[in-house]
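Engineer: Return atomic coordinates for the entry below.
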Amino acid sequence: MPVKNFIQNTIQSQKIFYRYFRRKGLRRFLKENLLESAGSNENKAKSIALGFFIGLSPFWGFHSFLAITLAVYFKLNKLLTFMSSQVTFPPLIPLIIFLSMIVGAPFVSNTTSLENQSFDFEFIKNNLTQYIIGSFILAISCSVIFGFLSYFILQKFQPQNKKMK
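Structural biologist: Got it, this is the predicted structure:
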C-alpha cells in the first residue's frame, strides 16, 4: 500500500508542476523562474545539471523525491532541479531506455543485440547490468553537457542591470 501511495503522490506532483507551467506559459515561466530568480548563474546551472542527472538515472519512481532532497542538501534551486528532472516524461522513456542500453553495451561482457528486440520488462530484467551502467553514464554525460550549456545560455541572456553588480 505505501508503494501505491508513493506512486500516486509522484504523479500528483508532476500534474501540479505541469498545471503551473501551462498557466504561466514558456516565456513568462523562463523569465520569472530562471532569469530573474535569486542565485548565481553557477548555482542555477548546477541545479539544472543535478536535475538532468536524477532524471536520467535508473531511480524510477524516486526522481521527484531525490530532486527536491538533493537540491535542499546541496543548497541549489529546488524549482530548477525539479523542473529539469522531469525529462523522463512518458513519451521519452523508451528513448531513454534505448540510449541507456546502447551506452552500456561496451561496458558489459555479454552484450545483447538490440536488433529486432522488444524493449519490455523481460528484456530489461535480463540485461539489467547493461541498463544500469548505461543509464549512469548517460546521466553523467547529459548532466555535464546541459549544466555547461545552461550556464553559458544564462550568462548570455542575463539582464544588463544584474551584470553591473
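Engineer: For the helix or strand encompassing Ser64, which residues meet the burial criterion?
Structural biologist: Secondary-structure assignment from DSSP states H and E places Ser64 in helix 63-73. The neighbour-count check on helix 63-73 (16 or more other CB atoms under 10 Å) flags 63-68, 70-71 as buried. Glycine gets a C-beta too; all of them are placed from N, C-alpha and C.
Engineer: Output the contacting helices and strands for that helix.
Structural biologist: helix 2-24, helix 41-56, helix 78-85 (3 or more CB pairs under 8 Å, 6 or more residues apart in numbering; DSSP states H and E).
Engineer: any idea of the mean pLDDT in the longest one?
Structural biologist: Going back to what we said before, that points to helix 2-24. Mean pLDDT, computed over helix 2-24, is 66.
Engineer: Quick check: the gap between Gln155 and Ile48.
Structural biologist: 13 Å (CB to CB, to the nearest Å).
Engineer: where does this protein dip in pLDDT?
Structural biologist: 1-15, 17, 21, 26, 29-38, 111-114, 116, 119, 159-165 (pLDDT under 70).
Engineer: before we move on, the earlier item: how far does the helix holding Ser64 sit from the chain's center?
Structural biologist: 11 Å (CA atoms, centre = their mean, to the nearest Å).
Engineer: which residues are contacting that helix?
Structural biologist: Under the contact criterion CB atoms under 8 Å, 6 or more residues apart in numbering, helix 63-73 has outside partners 10, 13-14, 47, 50-51, 54-55, 57, 59, 76-78, 81-82, 85-86, 88.
Engineer: Could you check how far the one helix or strand Leu99 maps to is from the centre of its chain?
Structural biologist: If you go by DSSP H and E, Leu99 is part of helix 93-104. In terms of CA atoms, centre = their mean, the gap separating the centre of helix 93-104 from the centre of its chain is 14 Å.
Engineer: Just want the angle from it to helix 41-56.
Structural biologist: Angle, helix 93-104 to helix 41-56, by axes from the mean of the first three to the mean of the last three CA atoms, to 10 degrees: 90 degrees.
Engineer: Would you mind identifying the next helix or strand past helix 93-104?
Structural biologist: Remark: after helix 93-104, the chain's next helix or strand is helix 121-126, criterion DSSP H and E.
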